[in-house]
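A.B. asks: model the structure of this input:
(one chain, ligands or ions: 2)
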Amino acid sequence: MSKPVSKVREAKLELYRKKGKIHAKAVSGHFNTIRWSMVWLTQIIFYGACWLSWDANGLTRQAILLDIAHEKLYLFGLVLWPQDALLLAIALILAATGLFFVTALAGRMFCGFACPQTVYTAIFTWIEAKVEGDHLARLKLDQSPMNLRKLLLRTTKHCIWALLAIWTAITFVGYFTPIRQLLPTIPTWSVGPWEGFWLIFYAAFTYAQAGLAREAVCQHMCPYSRFQGVMFDNTTQTVSYDAQRGEPRNAKRQAGNTGDCIDCGICVQVCPTGIDIRDGLQYQCINCGLCIDACDEVMVKIGAPPKLIKFASELELAGQPAPRGFLSRPRVAVYATLLVVFSGLGAWTLSQRSLLLVDVLRDRGALLRETSDGRIENAYTLKLMNLADVEHDFSIEVDGLPGITIEGEREFSTESGSIHPISVTVSAPLEGERSGLQPIHFRITSKQNPAISVLEKSTFALP
Ligand code: SF4
Ligand code: SF4
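C.D. replies: Ligands and ions are numbered 1, 2, ... in the order given. Next comes the predicted model:
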């Protein structure tokens, strides 16, 4: 006999959330303050940075914009093109290495304080608490049958969540389409197909991830939690319960006879992923430190020293001294070295970056031509790529042989972001002592900004 549909649904839900919905108890303390400071910092940057403008060459544009249609990334005064992919690669390597470095030092610190999933879950949960009440009121509401009050509270919460998710999606798309142009097109839904897709997708994604899935993402979907262990060593500081001091736990603590843990369970109640840190290091722990805040409060109340739960390494918990210096921690030393090397490489690549790229091709079909006045002519194609934000006029000069000169036009306009192929004829007097291929140089310089100048090697064919 087949199972009723509701039973099948329950069974499926249990696959990823065995303990039911988590309503974490609010807690105050040092780590909670850091957590909310990070929420404010990251969200002020995210919601605010797309509204910043930048004046460049008499034009005002969005300061941070990834203009996919025109293949440009604007970062304040910097404009990056697909040719700058190396810089993007270095930035990604730095981000990944930075994450590994922080993880080796302090476990999932990024998860607890800066991961968008954690940050948005904190915001959505805060809204839920404002509408439905504290964790006990929310638990009670979950268990109560549907009535008008519950319907009103749930509708209000979901409407606020939806509005926030929509605004988050608008902000996200505003980093790809100028937000001041995007906003007026939304009420009439005259957005482009890609903008429309991403607005709907990102709003639904934010709502589902931060409002509905919440800690289930950290527990069951986050790949980082699964491989973080390979970055740990016995000196990595993670949130840990000091079992030597806490056990045997006893509700009726007697200093000297029992441990300091009074088994109040508050560290579990405040945990956003619903785990018990006293069970040891678990991949679900996001290192947010809220259980430290909660337990410290309890320790103060019972007159015991704080830090029964604390950031500690495996060595510290075992009562062994932590090794001193980077060299005694090879993993950390390797990540730190990589950070320094790639930061230096990125800075050097940026400093060497030219706003003009030039490719010189000598016309090999017609190697050389002798003119009636006794000069030799070679033909070239110069490909000018203007990586500046505006159009530039470039002048072309040539040197390397006595009397060498460019015949005809020497100035060319090139639009921003375009590759401009130009044909140039170069002539030099026929002199007896030189023959064959002679090295020459082309100097291409912007009229508007002489600092944009490129020297490119080539050869001149003599008989
Ligand atoms: S909050 Fe502290 S005292 Fe209470 S159960 Fe957790 S570890 Fe034990
Ligand atoms: S166990 Fe503590 S540090 Fe880990 S997720 Fe829970 S509250 Fe945060």
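A.B. asks: list the buried residues in stretch 30-47.
C.D. replies: Counting neighbours by 16 or more other Cβ atoms under 10 Å, one finds that the buried residues in stretch 30-47 are 31-32, 35-36, 38-39, 42-43. C-beta here means a position set from N, CA and C on the backbone, and glycine is covered the same way.
A.B. asks: ok, residue 228 - contacts?
C.D. replies: Each residue near residue 228 by Cβ atoms under 8 Å, 6 or more residues apart in numbering is listed here: 103, 107-108, 283.
A.B. asks: ligand 1: which of the residues you listed is nearest?
C.D. replies: Set against ligand 1, the nearest of the contacts of residue 228 by Cβ to the nearest ligand atom is residue 107 (18.3 Å).
A.B. asks: do I have it right that that closest one meets residue 287?
C.D. replies: Yes. Using Cβ atoms under 8 Å, residue 107 is in contact with residue 287, at 4.7 Å.
A.B. asks: which of those two has more residues huddled nearby?
C.D. replies: residue 107 (25 against 19; other Cβ atoms under 10 Å).
A.B. asks: ok, the nearest residue to that one once chain neighbours are set aside - contacts?
C.D. replies: The shortest distance from residue 107 to any non-neighbouring residue, by Cβ to Cβ, 6 or more residues apart in numbering, is to residue 238 (3.8 Å). The neighbours of residue 238, taking Cβ under 8 Å, 6+ apart as the test, are 106-108, 232, 281, 285, 287, 311-313.
A.B. asks: helix or strand for the spatially most central residue of the chain, which one?
C.D. replies: Among the residues of the chain, residue 95 comes closest to the average C-alpha position under Cα atoms, centre = their mean, at 7.2 Å. Per DSSP states H and E: residue 95 is located in helix 85-106.
A.B. asks: I'd like the average pLDDT over the helix or strand following that helix.
C.D. replies: Going down the chain from helix 85-106, the next helix or strand is helix 109-113, by DSSP H and E. Averaged across helix 109-113, pLDDT comes to 90.
A.B. asks: can you name every helix or strand that helix 109-113 contacts?
C.D. replies: On a contact count with 3 or more Cβ pairs under 8 Å, 6 or more residues apart in numbering; DSSP states H and E, helix 109-113 meets helix 30-49, helix 85-106, helix 116-132.
A.B. asks: how about 10 Å then?
C.D. replies: Packing contacts for helix 109-113, counted by 3 or more Cβ pairs under 10 Å, 6 or more residues apart in numbering; DSSP states H and E, involve helix 30-49, helix 85-106, helix 116-132, helix 223-227, strand 238-241.
A.B. asks: quick one on the thing from earlier: what is in contact with residue 107 and residue 287 at once?
C.D. replies: By Cβ atoms under 10 Å, 6 or more residues apart in numbering, residue 107 and residue 287 have these common neighbours: 228, 237-239, 311.
A.B. asks: name the nearest of those residues relative to ligand 1.
C.D. replies: Here the nearest of the shared contacts of residue 107 and residue 287 to ligand 1, counting by Cβ to the nearest ligand atom, is residue 239; it sits at 11.4 Å.
A.B. asks: buried ones in the longest helix anywhere in the chain, by neighbour count?
C.D. replies: Secondary structure of the chain read by DSSP state H shows that its longest helix is helix 148-173. Buried residues in helix 148-173, defined by neighbour count with 16+ other Cβ under 10 Å: 153, 157, 160-161, 164-166, 168-173.
A.B. asks: ok and that helix relative to helix 116-132, angle-wise?
C.D. replies: If you take axes from the mean of the first three to the mean of the last three Cα atoms, to 10 degrees, helix 148-173 sits at 150 degrees to helix 116-132.
A.B. asks: what is helix 148-173 packed up against?
C.D. replies: Secondary-structure packing of helix 148-173 (3+ Cβ pairs under 10 Å, 6+ apart): helix 30-49, helix 116-132, helix 135-143, helix 179-185, helix 193-206.
A.B. asks: now, of those, which is deepest in the fold?
C.D. replies: The highest average neighbour count among those, using mean count of other Cβ atoms under 10 Å, belongs to helix 116-132 at a mean of 19.
A.B. asks: quick check, that one touching ligand 2?
C.D. replies: No. Helix 116-132 stays clear of ligand 2 (Cβ under 6 Å from any ligand atom), getting no nearer than 9.4 Å.
A.B. asks: centre of the chain versus that helix, how much separation?
C.D. replies: Distance of helix 116-132 from the chain centroid (Cα atoms, centre = their mean, to the nearest Å) equals 22 Å.
A.B. asks: give the rounded mean pLDDT of it.
C.D. replies: Per-residue pLDDT over helix 116-132 has a mean of 96.
A.B. asks: got the angle for it vs helix 193-206?
C.D. replies: Helix 116-132 and helix 193-206 meet at an angle of 60 degrees, taking the same axes, to 10 degrees as the criterion.
A.B. asks: check the residue nearest to the centre of the chain and give its pLDDT.
C.D. replies: Listed pLDDT for residue 95 reads 95.
A.B. asks: so the residue in the stretch 351-463 of the chain that ligand 2 sits nearest to, which state does it fall into?
C.D. replies: Per Cβ to the nearest ligand atom, residue 351 is where the stretch 351-463 of the chain lies closest to ligand 2, at 41.7 Å. Here residue 351 is recorded as helix under DSSP: H, G, I helix; E, B strand; the rest coil.
A.B. asks: residues touching it, list them.
C.D. replies: By Cβ under 10 Å, 6+ apart, residue 351 has no neighbours at all.
A.B. asks: ok, now how distant is it from residue 72?
C.D. replies: 20 Å (Cβ to Cβ, to the nearest Å).
A.B. asks: residues of stretch 404-421 that come out buried?
C.D. replies: In terms of neighbour count (16+ other Cβ under 10 Å), stretch 404-421 has its buried residues at 404, 406, 412, 414, 416-417.
A.B. asks: check what pLDDT residue 319 gets.
C.D. replies: pLDDT, read off for residue 319, is 85.
A.B. asks: and for residue 436?
C.D. replies: If you check residue 436, the pLDDT there is 84.
A.B. asks: wait, it touches residue 459, no?
C.D. replies: Yes. Here residue 436 reaches residue 459: they are 9.0 Å apart, a contact under Cβ atoms under 10 Å.
A.B. asks: which of these two has more neighbours?
C.D. replies: Neighbour count, other Cβ under 10 Å: between residue 436 and residue 459, residue 459 has more, with 14 against 9.
A.B. asks: centre of the chain versus the host helix or strand of that one, how much separation?
C.D. replies: Element membership for residue 459 (DSSP H and E) is strand 453-462. Between the centre of strand 453-462 and the centre of its chain there are 42 Å (Cα atoms, centre = their mean).
A.B. asks: could you spell out the sheet neighbours of it, each with its direction?
C.D. replies: Partners of strand 453-462 in the sheet, by DSSP bridges, are strand 436-446 (antiparallel).
A.B. asks: on the three-state scheme, residue 396 is what?
C.D. replies: On the three-state scheme (three-state DSSP), residue 396 is labelled strand.
A.B. asks: next, count neighbours for it.
C.D. replies: 21.
A.B. asks: beta-bridge partners for it, please?
C.D. replies: Going by DSSP bridges, residue 396 forms beta bridges with residue 444.
A.B. asks: for it, give its distance to residue 343.
C.D. replies: Using Cβ to Cβ, residue 396 is found at 37 Å from residue 343.
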